[in-house]
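Asks: I need the structure of the sequence given here:
(5 chains, ligands or ions: 5)
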Amino acid sequence: MSISSLEPLVAIDRLTKRYPAAAGFGKPKAWVNAVNGVSFNIRSGETLGLVGESGCGKSTTGQLLARLMEPTSGSIRFRGRELTTLRGREIREMRKHIQLIFQDPYASLNPRHTIGSILEEPLRVHRSGSLAERRQQARDMLETVGLDRSYASRYPHELSGGQRQRIGIARALMLRPSFVVADEPVSALDVSVQSQILNLLKELQRHFALTTLFVSHDLNVVQYMSDRVAVMYLGTLVELAPAEALFRGAVHPYTRALLSAIPSVRDGERRERIVLRGEVPSPLHPPAGCPFHTRCPQAAAECALVLPDWKPVGLDHYARCLLI
Amino acid sequence: MTRNRNVHLLVGGALIGAMLALMLVSWLYVPYDVNSMNPAGRFLAPGAKHLLGTDNFGRDILSRVMTASRTAFQVGFLTVLIGAAGGLLVGAAAGYVGGWLDEALMRLMDAMMAFPGLLLALMLVAVFQPNLTNTIVAIGLMAVPGFARIVRSGFVQYKEMDFVKAARGIGAGPLSIVFRHIFPNILSPFIVAATMSFSGAILAEAGLSYLGLGIQPPDPSWGRMLNEAQSYIAKAPWYTLAPGLMITMTVLGFNLLGDGLRDWNDPKR
Amino acid sequence: MTYAWRRAFTLVLTVLLVLMMTFAVFRIIPGNPALTILGMEADEAQVAALEAKLGTDRPLGEQFASWLGGVVSGDLGESLKFSRPVGELILDRLPVTASLAVLSMAITIVIAVPLGIAAAKSQRRASGWWISLLSQLGLAVPSFWLGILLVLLFALTFHWFPAGGYVRWSESPLEALRSLFLPALAVAIPQVAVVVRYLRTTMLEQLKQDYVRTGYSKGLKEQAVLYKHVLKNALIPVVTVMGMIFADVLGGSLVVEQVFALPGLGRLLVSSIGARDFPLVQGMILFTAVTVIAINFAVDMLYRVLDPRIRLK
Amino acid sequence: MARGKETPLLRLDELHIELPTRQGMRAVLEGVSLSVGRGEIVGIVGESGCGKSITAQAVMGLLPAGARIAGGAIDYAGAELTRLSPEAMRRLRGREIAMVFQDPMTSLNPVFTVGEQLMEGPRLHLAMSRKDAYNHSIGMLEKVGLARAEQLMREYPHRLSGGMRQRVMIAMALACRPKLLIADEPTTALDVTVQAQILELLRDLNRTEGTSVLLISHDLGVISEMCSRVSVMYAGQVAETAPAAELFRSPAHPYTAGLLRSIPSPDKRNEALYAIPGRVPPPEERSGGCPFAARCDRAVAACSGVRPASRLIADRHEVRCLLAEEGRPFVREYQLA
Amino acid sequence: ACGSGGPAKTPATGAEAAKEPIQGGSVVVAVPQDPDYLDPHLAVASGTQEMMFNVFEGLLKPNEKGELQPAVAQEYKVSPDGLTYTFTLRDGVKFHNGKTVAAEDVKFSYERLMGKETGKPLSSAFANVEAVDTPDAKTVTVKLKKNDVSFMSNFTAAILPKGYDNQNKAPIGTGPFKFVEFQPNQKLVIEKNKDYYVKGVPYLDKVEFRIMPDAEASLLALKSGDIDMYPRIGNERIAELGDQFRYVEGMQNMVQLMTMNIARKPFDDPRVRQAINYAVDTDEIIKVVADGKGTKLGSNMSPVMQKYFQEGLESTYNVNVDKAKSLLAEAGLKDGFSTTISVPSNYKFHVDTAQVIAQQLAKVGITAKIEMVEWAVWLDRIYKGRDYDMTIIGLTGKLDPHEVLVRYASDYKSNFYNYNNPEYDKLIKAAQVELDDAKRAQLYKDAQKLLTKDAVAVYIMDPNFTVAMKKELDGYKLYPIYVQDMSTIHRVK
Ligand SMILES: Nc1ncnc2c1ncn2[C@@H]1O[C@H](COP(=O)(O)OP(=O)(O)OP(=O)(O)O)[C@@H](O)[C@H]1O
Ligand SMILES: Nc1ncnc2c1ncn2[C@@H]1O[C@H](COP(=O)(O)OP(=O)(O)OP(=O)(O)O)[C@@H](O)[C@H]1O
Ligand SMILES: [Mg+2]
Ligand SMILES: [Mg+2]
Ligand code: NI
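Replies: Ligands and ions are numbered 1, 2, ... in the order given. Take a look at the predicted model:
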């Protein structure tokens, strides 16, 4: 899919989220810096991939965008409108336009509601259509995501993982949003099911003209789905580039290590493996300076001191590393 | 896999069913007038005329036990209703809103827990009357903190679950989230707590009767009968047996029923 | 404000709230302490003299305020009925109630832990069902019945234990233990039901965990896996329940105290309420509230010992 | 790598296993045959629910309660494991055969220190004293590449990152120098960079200690990079077994081929991914025929009637497909690379 | 220990004299409540007197017939005008602290009761004392302000050692037993006073009063042998104990009655009260509630008080439903009425009585609801506040008829029946100053008749009182007042 417009649909600026982590008695609270001053734009119609290690803050970023939690600071603009200051009714109104597909197809469906009621709920909440219309739309949507209409009367636990994920996607699309955050929609699924869901997502993106933030830790998948890719490490973005450029010539040492570590069945694709040493630092105590310096094979002394600024390294390609 | 669970539901259901049947019958028919005394027929052992014998006033124990089952169920249902409704309200508010409201409400609940139920009962009786309603209100109020805690911990646990987030994500309002999404999921512990407090209420009524606060004589109540019968354990052991077994069977029945319902309510089973 | 301070502050508020509630109730309920102490035979002069002496002729608010003032300086006041310091009276009863609580807790653990494990292990067999039925029965039987049954059986038939009364630990530890054993058992039996039920659930929950498999895969014996690995995890939530039970028993268990004629806190509370002994009631409620809080705190601490996940550095 | 002639360390022969369900016993393994040679790394791939973990559990003697071995044999170094007494089996576990599980987050007991858990094995099987076990464990931690071993011994699992935990798990499994290590999806829960570290470690151990490894994964990439031989499982059966290179180059079973085709790759960005149609038939829907028949685009009428037997179609390459021999040409059409 | 200690030779009845008393030993007695005050001058509760009767003595002391006998005093004289009492002290009476009782101790004790120092009398009866004098160390004279024959019984007030002010913690008296310790809600222990002036008593070395409010617990304890004596055991429980125990039974000089609040409609109408009296079948109550062990009453006096008891009143209102109905109709209550019987919840006896009465009243068209009230509330609201319709209570007997009957005087503070009859007041006043014993008795009998005629209350019964004790105990003396005299109790071979 090509980038249809350079106009950003979503613009986030220095978004930060800290979670409180209670410490022992008498001590002040500790903070988990889940997202640390992240800024990027998503252009209308594009798919932005967001990759990174587990716990680096991908889901937090996604949920902040979907306004499922309050950011600690920073701004989110959607079609030029500031979302962080919205309250109550306004937020609920806004939800028609921004939807989230959850990572876990098991946990995100209420085990006690039928599929039909799960799909109708968004319409009911926004008082759209009559009862019969809602039923109709829900059933239509089931077909759109490749399921039989009869599934409407089933319960989530009666469905397979792939089917549940289809429901999750269907629910997100019920309100015809223009922007969807897909938080690892396939990582809980099997290889063969995964490809079905990816196909479906691509199909739906086209069909509904969706702009997507596609979160994943599987680089193969991100590469397949995204127009541009943002790489995250310990709550910070480290590289942002068009997908092809990134996979061809990643600049940041972390991205390079990440790419090299992808196991592949194709001998030809195997790269020189960069095996990192050490462990991912805890977000409770993120290292000073460049967050990656503790594991970086090329780290220099000054990496421990300053967080480097963004540097353009190619067309639409930016990285944050002192060594480039 | 579900065999034992069904047994819980089955046995519990059967016990409660029998009790309820006894209660229903009591409206249509009791062998004798509950309060009519017979000085000539005191302490009659169970026999053809009096199936469960007679008490110290020569009243028919079966009739009294049957009639008392109404009060028992009334006390049970209403106190659970008060406790559960209050607990749901407080627990949901504390758990869902969180912050200072949570703190304030939960401390209030702590205070209520530390407060002797007897004093509360005495107060209600002093302000109003020592009757059934006040007994029920007192026991019901004392049950609120227990429910509130369960509901609150459920809310704290489920508030951050993906499916609740998903509901918020589609714009569902707080009421819908509380009642449609979270509450059905904490129904299981809630049911267990409800059955436990049902049985607790029956025992508490007995305890309050013991102190003269519950149902007023001559109206029969299981607790009161049990207390009165204590004096005649050797002379008329059947007297204590009747209400004692009723209480035991009802409480056991409800506890088993609660366990059974919990398992039955589990969608994954 | 740090966490500990905030917590301490809210705790004080909680206690104050309970005391105010008691105060309010005392304002409402009828009954005159002097009259109650003296009974029907007293004449006016005696009642008036006693009221003056007790200070109950002052407004209740004033009595409350001066009592509260005393509490701040560590004086719980003097019981109207027994004309002895409240603190002393409570401390007098505490050994009975505390022994009862500790002993019943010990009995509960000794019975409930193996039963809970057995119930979890035999979840799908008839034996599991019987265990749960029996323990539930323990909960369903009215406690005076239970007490009387124990006395009939162990005191009157077998003569193993005394039927009632209390021997001080200082007099004869063995006799004290004997006099407390039956009541402790009567307190413990319903608790066993509760603990077995909880433990069974948490054990089943824990048995599903992956680390159980890890244990077996190391070649550990079943006993080692169950009693070491699973039990410690399963006990963590049970500790809360046991804490609640313990706090409850420490508040006094009226029926058992009555059946076994034990001078415990439960009887003291009821008799002090009956006598409208305001300082004593307030003192006991203060004690109960503080006990509950202390036990919650202890449970928190125990949690930290049992569950390292809570022990953040 | 070991040659196939000598007797393998582990050999599963037509293993049938049934598990209890509400509807009664249900077959989950329907004739699984595979082998692991001494010093060899053998992989098992297949989608979720096809029976990979059950296979591993059967070898460990840790089948879920109520499971029944309905047929077949598990031969470990000459001993028939299905006939071993529970006690004998227990002594084998951890000592001869060890296992690393999928989820490092939950596979360690949260309430005991790493040291406590590490020392259990050696103390039990090697009858070491506490002190010896302690030193031994420190050695193991260092061997799996964990620095500050002494300090780590006193830590509780929740304080470690996923990668560290998984290494602790590996250290624990290797503590008694088992001859066979079963790794059931050891890296599924980990990130690629950490996964790379762990796989590197396993490979290293195999090289230096000669430990045989049975590696279970649904990630074809991982399998392809690690294993010398691969068994592909589908619906409780082994569909295909072949040396890794050959399997990925020229899969003989349509299912294997389908799996390989559905891996996303950048060059397919603008086309739809291949997806195997349909779904795995649940056991109650499995009829007499080939379980893959309904999804197979090459299936012939016979496929749904006869359950194919496993045949050797090349050196050490076995396939369970009626079309296997004549199918070789069509498989070439999808050849990769 | 087994309840039936030793070989049971003879049944308890009749053979008491044959058995030989043993000196020494200790006995545990169940009592239902704590003492109110250990200090005898402050104590008013009968539960306290029950125990402390063994520790304290007055100049006079009642015997089991209720007659006043010299105790600390050897003898006494009353002046002809009835205003001056002269006592000669007994030789060799010692306090428990070893001090010999002197006249100044008596003076001290009485002045303490009069509140001479504080200005507030501890006992309002002593407000009538003009002066206490000690002509010599052996003689005490008490001068009254105005004539009051009933003052006699106040000479049973405890004599305390002068200058000792720790009576409430460690009481010291002259009785056959010394106080040892008191643990609230638990026990009160007394031990033998070796210096007691009556030789040969007490027999027991130690007596423990164990405080057991729960009847069930007491019974079980008696059965298991933990206690030796259980006074006031419920009559219905005796069957349960069987003949393993010795029982002593008798009237306890109590008047169980149901009062009707005369200040309230419709009880202000004597016809209504009479109707209720006709409706209530006391025989049935005695049978059902007391298991037949009670003495039917017709007025506010128990037959124990032989000298003052007016016979025959108990049959005045024999059950007569028709009469009751017609009386009600006369009073304009043809269709009956609804009312409430309030009963103290801690007395099962009264609660049971209320249940029977409610049934009986229903027969004449009166709907009586039963309301159980806490004892504290009963005292405050009903007894003191007189806020009730009907209530059932037992009035404990006194040694002196005045104290019993003055409760109905219109100016009596606790006249909670709201009875107001000048004629009755006159009778009581006259009796108080009547020095002639026979005349005085007649006045009290007239007062009783008046109460019955006016149907002030429904007089029900004097419930029998039974003491159960181990068979190895003997020598129990039944008093018409609420005491346990432990001095004569002894073990037998
Ligand atoms: N509710 C929460 N409270 C406290 N900490 C949290 C919370 N949610 C997430 N975190 C922490 O914030 C950090 C970022 O979490 P996040 O879920 O955004 O990561 P992620 O990149 O989505 O990881 P994954 O790939 O595992 O989904 C992690 O360290 C996580 O432990
Ligand atoms: N304890 C159990 N009771 C009943 N059925 C089970 C049990 N464990 C597994 N099964 C069933 O056995 C079959 C094989 O399960 P197994 O765990 O071996 O699959 P797997 O290949 O390891 O899948 P995954 O990739 O999801 O781990 C599945 O259909 C599963 O539902
Ligand atoms: Mg995530
Ligand atoms: Mg598996
Ligand atoms: Ni005996």
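Asks: Which one of the residues in the stretch 101-250 of chain D is closest to ligand 1?
Replies: In the stretch 101-250 of chain D, no residue comes nearer to ligand 1 than D:Asp191, which is 7.8 Å away by CB to the nearest ligand atom. Using the backbone N, CA and C atoms, a C-beta is placed for each residue, glycine as well.
Asks: what about the stretch 101-250 of chain E, any weak spots by pLDDT?
Replies: Within the stretch 101-250 of chain E, no stretch has pLDDT under 70.
Asks: Now do the helices in it.
Replies: Shown for the stretch 101-250 of chain E, the helices assigned by DSSP state H, counting those that start in this stretch span residues E:103-114, E:215-224, E:238-241.
Asks: How many residues are close by the residue lying closest to A:Ser282 once chain neighbours are set aside?
Replies: What sits nearest to A:Ser282 in space, not counting adjacent residues and going by CB to CB, 6 or more residues apart in numbering or on different chains, is D:Ser161, at 7.5 Å. Counted by other CB atoms under 10 Å in any protein chain shown, the residues lying close to D:Ser161 total 20.
Asks: D:Ser161 against A:Glu279, yeah?
Replies: Yes: using CB atoms under 8 Å, D:Ser161 is in contact with A:Glu279, at 4.8 Å.
Asks: Quick one, which of the helices of the stretch 101-250 of chain E gets closest to A:His97.
Replies: With CB to CB, the closest approach to A:His97 among the helices of the stretch 101-250 of chain E belongs to helix E:215-224: 73.2 Å.
Asks: hmm, who's touching that closest one?
Replies: B:230-231, B:233, C:144, C:148, C:151-152, C:155-156, C:159, C:162-165, C:258-261, E:3, E:30, E:32, E:210, E:212, E:227-228, E:230, E:233-234, E:237, E:240-241, E:245, E:468 (CB atoms under 8 Å, 6 or more residues apart in numbering or on different chains).
Asks: List buried residues within those residues.
Replies: Neighbour counting over those (16 or more other CB atoms under 10 Å in any protein chain shown) leaves B:230-231, B:233, C:144, C:148, C:151-152, C:155, C:162-165, C:258-261, E:3, E:30, E:210, E:212, E:227-228, E:230, E:233-234, E:237, E:240-241, E:245, E:468 as the buried ones.
Asks: Report the buried residues of the helix or strand that contains A:Glu203.
Replies: Per DSSP states H and E, A:Glu203 falls inside helix A:191-208. The neighbour-count check on helix A:191-208 (16+ other CB under 10 Å) flags A:191-202, A:204-205 as buried.
Asks: Chain neighbours aside, what residue packs nearest to whichever residue of chain E sits closest to chain D?
Replies: Across chain E, no residue is closer to chain D than E:Asn185, which sits at 44.1 Å (CB to the nearest CB). Using CB to CB, 6+ apart and skipping residues adjacent in sequence, the residue nearest E:Asn185 is C:Pro263, 4.4 Å away.
Asks: Please verify my assumption that the one you found contacts C:Arg93.
Replies: Yes: between C:Pro263 and C:Arg93 there is a contact under CB under 8 Å: 5.9 Å.
Asks: Mutual contacts of the two, please.
Replies: Residues touching both C:Pro263 and C:Arg93 comprise E:Asn185, with contact defined as CB under 8 Å, 6+ apart.
Asks: The residue of the stretch 101-250 of chain D closest to ligand 1 contacts A:Ser54, doesn't it?
Replies: Yes: assessed by CB under 8 Å, D:Asp191 is found in contact with A:Ser54 at 5.4 Å.
Asks: If you rank every helix and strand of chain D by mean pLDDT, what lands last?
Replies: Of all helical and strand segments in chain D, the minimum by mean pLDDT, DSSP states H and E falls on helix D:324-333, at a mean of 49.
Asks: chain center to the following helix or strand past the helix holding A:Glu203: distance?
Replies: Sequence-wise, the next helix or strand downstream of helix A:191-208 (DSSP H and E) is strand A:211-215. With CA atoms, centre = their mean, to the nearest Å as the basis, strand A:211-215 stands 6 Å off its chain's centre.
Asks: got it, and stretch D:114-121?
Replies: Taking CA atoms, centre = their mean, one finds stretch D:114-121 lying 25 Å from the centre of the chain it belongs to.
Asks: tell me the mean pLDDT over that stretch?
Replies: Here stretch D:114-121 scores 91 as its mean pLDDT.
Asks: just the strands in the chain please.
Replies: Using chain A. Listed in chain order, the strands of chain A (DSSP state E) span A:8-21, A:30-43, A:47-52, A:73-78, A:81-82, A:98-101, A:179-183, A:211-215, A:228-233, A:236-242, A:311-314, A:317-319.
Asks: actually it's chain D I care about, not the one you picked
Replies: D:10-21, D:24-36, D:41-45, D:68-76, D:79-80, D:97-100, D:180-184, D:212-216, D:229-234, D:237-243, D:311-314, D:317-319.
Asks: how about CSV for those strands, with mean pLDDT and mean neighbour count added?
Replies: Output for those, formatted as CSV (pLDDT from 0 to 100; neighbours: other CB atoms under 10 Å in any protein chain shown):
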stretch, mean pLDDT, mean neighbour count
strand D:10-21, 89, 19
strand D:24-36, 88, 20
strand D:41-45, 93, 26
strand D:68-76, 90, 17
strand D:79-80, 89, 12
strand D:97-100, 91, 28
strand D:180-184, 92, 25
strand D:212-216, 94, 25
strand D:229-234, 93, 26
strand D:237-243, 92, 25
strand D:311-314, 82, 14
strand D:317-319, 88, 22
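Asks: Throw those into TSV and include distance to B:Gly154, thanks.
Replies: Listed next are those as TSV, based on distance: least, CB to CB, whole Å:
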stretch	distance to B:Gly154
strand D:10-21	31
strand D:24-36	35
strand D:41-45	41
strand D:68-76	39
strand D:79-80	51
strand D:97-100	36
strand D:180-184	34
strand D:212-216	37
strand D:229-234	41
strand D:237-243	44
strand D:311-314	57
strand D:317-319	53
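Asks: what's the closest of those strands to chain E?
Replies: Ranking the strands of chain D by proximity to chain E (CB to the nearest CB) places strand D:10-21 first, at 52.4 Å.
Asks: How about E:Val377: what's its closest non-neighbour residue?
Replies: Closest residue to E:Val377 apart from its sequence neighbours, by CB to CB, 6+ apart: C:Pro30 at 5.0 Å.
Asks: helix, strand or coil for that neighbour?
Replies: Here C:Pro30 is recorded as coil under DSSP: H, G, I helix; E, B strand; the rest coil.
Asks: ok now do it, which residues does it touch?
Replies: Per CB under 8 Å, 6+ apart, neighbours of C:Pro30: B:126, E:376-377, E:380-381, E:385.
Asks: if we go to 10 Å?
Replies: Going by CB atoms under 10 Å, 6 or more residues apart in numbering or on different chains, C:Pro30 touches B:122, B:125-126, C:276, E:373-374, E:376-382, E:384-385, E:387.
Asks: and it, how far is that from E:Tyr383?
Replies: C:Pro30 sits 11 Å away from E:Tyr383 when distances are taken as CB to CB, to the nearest Å.
Asks: ditto for E:Lys445
Replies: Distance, E:Lys445 to E:Tyr383, using CB to CB: 27 Å.
Asks: Contact residues of chain D facing chain B?
Replies: D:20-22, D:66 (CB under 10 Å from any CB of the partner chain).
Asks: List just the nearest of those residues to chain A.
Replies: Top of the list for closeness to chain A, among the residues of chain D next to chain B and by CB to the nearest CB, is D:Arg22 at 13.6 Å.
Asks: okay, the spatially closest residue to E:Leu328 that is not a sequence neighbour: pLDDT?
Replies: Once flanking residues are discounted, E:Leu328 sits nearest to E:Ala275: 4.7 Å by CB to CB, 6+ apart. At E:Ala275, the model reports a pLDDT of 93.
Asks: Same question for D:Gly4.
Replies: pLDDT recorded at D:Gly4 is 45.
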